[in-house]
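[1] When you get a sec, could you give me coordinates for this:
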Amino acid sequence: MSRRPVTTRQYLIPRKGVFQFRMRVPLDVAAAFGKTHVQHSLRTKDFAEAGRLRDFWVIKYQAEFGELRASANPDLPPSTYTIALSRLKPLVEDWMQTRLQLVASELEEEPQPAAELGDIVDRDDNLAELKADLERLRGSAPHLQQDVKQLAGHFLLSDGAPEKSRPPHPFGPLPGTAEVDEASSDFRRLCLIVSAALQEVTRAHLAVLEEKPFEPREKPLAAVASSGPTLAEAMDDFWSDLAKRGNTQKVGVDYSMTFRLMTEVIGADRHVWEVTRKECRKVLSLLESIPPNATKRFRGKSFRQAANAVADQPDDRLSKTTINQHLHRMGTLFRWEERESDGKMIRNPAVGLSDGGQRAHSRQVRHPFSIDQLNQIFRTPLYVGCMNDGAGYATPGPSRPKGTRFWIPLIGLFQGMRLNEICQLRAADIECIDEVHCIRIDERTQGQRVKTAASRRIVPVHPQLLALGFSDFVAARSAADGWLFPDLKADSRGYRSDGFQKWFRRFQDKAGTYTPETTYHSFRHNWRDAARNARIPEEITEALGGWSNQKVSSNYGSGASPKVLFEEISKIDYPGLDLNHLK
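    Predicted structure coming up:
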């Protein structure tokens, strides 16, 4: 005997092949109605006919419930209804247990052998349909699934929600729909609870069709009805995941600052699934009020206290870019929790808060230096004669030091390397390969790191640097077999570039070359433009600069030889830039 799946057929219960109608009476009218449930036979074995009869009885009873509600509360406006999961969850639980009991009675029956081919086909079709239902119900968006929404509407109407008005249907009346905000988090969480109940009932029906014992899950609705982990717990789990994926110390420090802000505004004990858009906007408001380096400048103070301290200094604020970085990290935490919760976290409350226009590609944010700016930089006292390589670097004098501050800007301009790639070099990273002086960029030594896999590379030293004495500088450092620039110290994140970057900003101010669009990273933009102007092949440019190449062909072979790379990088030139005084 084939059995019909009833997992999504509200109000219908098959009993010995005949459909029964069963409907819960809303709690607010149960006393006046005189019953907690209505149930009676529809006197048909045909599902289509049962569906039409079901629609008739649903409309009839809901009209009666509406009249009772109106007579008891004549002045109660429909808008006063609010979704309360504490009331609705027991209704779903009761509905689920009723159906599980019916399935249990079917499991106790002796299995009927399939007498005809049609019965076998029906059974296989039903089995396939149930498995598809279960897979769909396990999806991450139950509030978008029609059967889940319809059943959720049934529970809402039973709980006293007002019925949504609807136009006449050409094929007859349809079950009523509750007048509630279906975009609200409460409705979506109700749909999660309903979906969990439907999954449990579907599993039970699968057991019947497969003639296997059914093993109910313990409290299947409890997890989805909860509010999830606290913000502090979610952050701890996120930290653990970051560590497993091998993220750098810098990433950890950046997220630590964002999480401190979130904790101060939202609270460590706030359940993460319940964090609202309004709370995220409060984080944004605080970000727009605090100064740069607040934790260093106002040690022991909260972020709000730091904001109050600079309230009368409107220019002392975080940059838009920094604010967007914090908002992006906050959104990343919520996106991570969405995935980890298997859809139980309804939505990301921080989505769209950052200003997309301010997070443009770096090429739009940073510009290359002009030739005039480059000549200004390399005509400062540091390069033509200063007092010393320390505090007197900007004061004219007789000294011509060729140390860290002298070489790093030149390396950036002619090698196209990232600042930290330069700052973390050891003397041993400059080596001769196939009679070509090369710089090896990788993370083989403790304290070194690379941005991406493509960043690991070998780059021939530009002939201009060799002409300025770079080989002699390296040889002098090689005796100690240590850092190429030992005066640079690693910051709290492990980066050796932080101190130099800050110094170069001050250097630009004194050189008169600073603009918001031109920073040390502008040297890399200069180099890329020079490669284009020299018509260096794109594949070689990407290999020299450490950019990722998405072409499949790039996965073949071991890359160009050092001699070929030297020929290409030697083409990097800056017409109009005069460095003869440095030789």
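[2] Could you point out the helix or strand that follows the helix-or-strand element of the chain with minimal mean pLDDT?
    Within the chain, confidence by mean pLDDT, DSSP states H and E is lowest for helix 362-365 among all helices and strands, at a mean of 46. Toward the C-terminus, helix 362-365 is succeeded by helix 371-377 as the next helix or strand (DSSP states H and E).
[3] where's that next one relative to the chain centroid, distance-wise?
    Centroid displacement of helix 371-377 relative to its chain, using C-alpha atoms, centre = their mean, to the nearest Å, is 41 Å.
[4] buried residues in that helix?
    Within helix 371-377, the residues that qualify as buried by neighbour count (16 or more other C-beta atoms under 10 Å) are 373-375, 377. Placement of C-beta: from N, CA and C, glycine included.
[5] And for stretch 439-450?
    Neighbour-count burial for stretch 439-450 flags 439-441, 448-450 (criterion: 16+ other C-beta under 10 Å).
[6] Let me know the average pLDDT across that stretch.
    Model confidence over stretch 439-450, given as mean pLDDT, is 88.
[7] can you pull the alpha-carbon coordinates of it into CSV?
    Once non-C-alpha atoms are left out, stretch 439-450 reads as follows in CSV (Å, rounded to 0.1, in the frame of the first residue of the first chain):
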residue,chain,number,x,y,z
ILE,A,439,66.7,39.6,-4.2
ARG,A,440,64.9,36.6,-2.8
ILE,A,441,61.5,37.4,-1.3
ASP,A,442,59.9,34.7,0.8
GLU,A,443,59.2,33.8,4.4
ARG,A,444,61.8,31.2,5.0
THR,A,445,63.3,33.1,8.0
GLN,A,446,61.4,33.8,11.2
GLY,A,447,60.0,37.3,11.2
GLN,A,448,59.5,37.3,7.4
ARG,A,449,56.1,37.0,5.7
VAL,A,450,54.6,37.4,2.3
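[8] Touching that stretch from outside, list them.
    Contacts of stretch 439-450 from elsewhere in the structure, counted by C-beta atoms under 8 Å, 6 or more residues apart in numbering, are 248, 415, 417, 420-421, 424-426, 429-431, 455-461, 490, 494, 496, 546.
[9] Of these, which belong to helices?
    415, 420-421 (DSSP state H).
[10] beta partners of residue 433?
    Going by DSSP bridges, residue 433 is paired in beta bridges with residue 436.
[11] and residue 500, what does it touch?
    Shown in contact with residue 500 (C-beta under 8 Å, 6+ apart): 404-405, 408, 419, 423, 488, 520.
[12] If any of those are buried, put those into a ChimeraX selection.
    In ChimeraX, a selection of the buried entries from the contacts of residue 500 looks like this (16+ other C-beta under 10 Å):
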select :404,405,408,419,423,488,520
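[13] Going by distance to residue 347, which of the contacts of residue 500 wins?
    In terms of C-beta to C-beta, no member of the contacts of residue 500 lies closer to residue 347 than residue 419, at 38.7 Å.
[14] what about the residue nearest to the closest one when sequence neighbours are not counted, distance to residue 424?
    Closest residue to residue 419 in three dimensions, ignoring its sequence neighbours and counting by C-beta to C-beta, 6 or more residues apart in numbering: residue 497, at 4.5 Å. If you measure residue 497 against residue 424 using C-beta to C-beta, to the nearest Å, the figure is 8 Å.
[15] next one: residue 285
    The span separating residue 285 from residue 424 equals 38 Å under the rule C-beta to C-beta.
[16] So between these two, which is more surrounded?
    Counting neighbours by other C-beta atoms under 10 Å for residue 285 and for residue 424 shows that residue 424 has the greater number, 25 against 11.
[17] thought that one was touching residue 494?
    No. Residue 424 sits out of contact with residue 494 when judged by C-beta atoms under 8 Å, with a separation of 9.4 Å.
[18] ok so, going back, could the contacts of residue 500 go into CSV alongside pLDDT?
    As requested, the contacts of residue 500 are arranged in CSV below (pLDDT from 0 to 100):
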residue, pLDDT
404, 95
405, 96
408, 97
419, 95
423, 95
488, 92
520, 94
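[19] wait, which of the contacts of residue 500 is closest to residue 17?
    Using C-beta to C-beta, residue 419 is the member of these that sits closest to residue 17, with 77.7 Å.
[20] which residues touch that closest one?
    Listed by C-beta under 8 Å, 6+ apart, the contact set of residue 419 reads 408, 412, 497, 500-501, 520-521.
[21] Then residue 434?
    If you count contacts by C-beta under 8 Å, 6+ apart, residue 434 has them with 561-563.
[22] Now do stretch 94-105: distance to the chain's middle.
    Taking C-alpha atoms, centre = their mean, the mean C-alpha location of stretch 94-105 is offset from the chain mean by 40 Å.
[23] Which residues does it contact?
    Counting by C-beta under 8 Å, 6+ apart, stretch 94-105 makes contact with 6, 13-15, 22, 24, 155, 197, 200-201, 204-205, 207-208, 214, 216, 220-221, all of which sit outside it.
[24] Generate a ChimeraX selection restricted to the buried subset of these.
    Command for ChimeraX that selects the buried part of the contacts of stretch 94-105, burial taken from 16+ other C-beta under 10 Å:
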select :6,13,14,22,24,155,197,200,201,204,205,207,208,214,220,221
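[25] quick one: which of the contacts of stretch 94-105 sit in strands?
    For the contacts of stretch 94-105, membership in strands holds for 13-15, 22, 24, with DSSP state E as the criterion.
[26] Please convert those residues to CSV, extending it with pLDDT.
    Supplementary listing: these in CSV, determined by pLDDT from 0 to 100:
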residue, pLDDT
13, 83
14, 83
15, 82
22, 85
24, 80
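[27] Put together JSON lines for those, with distance to residue 149 on each row.
    Written out in JSON lines, the entries for the ones in strands among the contacts of stretch 94-105 read as follows (distance: C-beta to C-beta, whole Å):
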{"residue": "13", "distance to residue 149": "21"}
{"residue": "14", "distance to residue 149": "23"}
{"residue": "15", "distance to residue 149": "27"}
{"residue": "22", "distance to residue 149": "20"}
{"residue": "24", "distance to residue 149": "18"}
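[28] Among these, which one lies nearest to residue 312?
    Proximity of these to residue 312 was ranked by C-beta to C-beta; the top entry is residue 24 with 62.1 Å.
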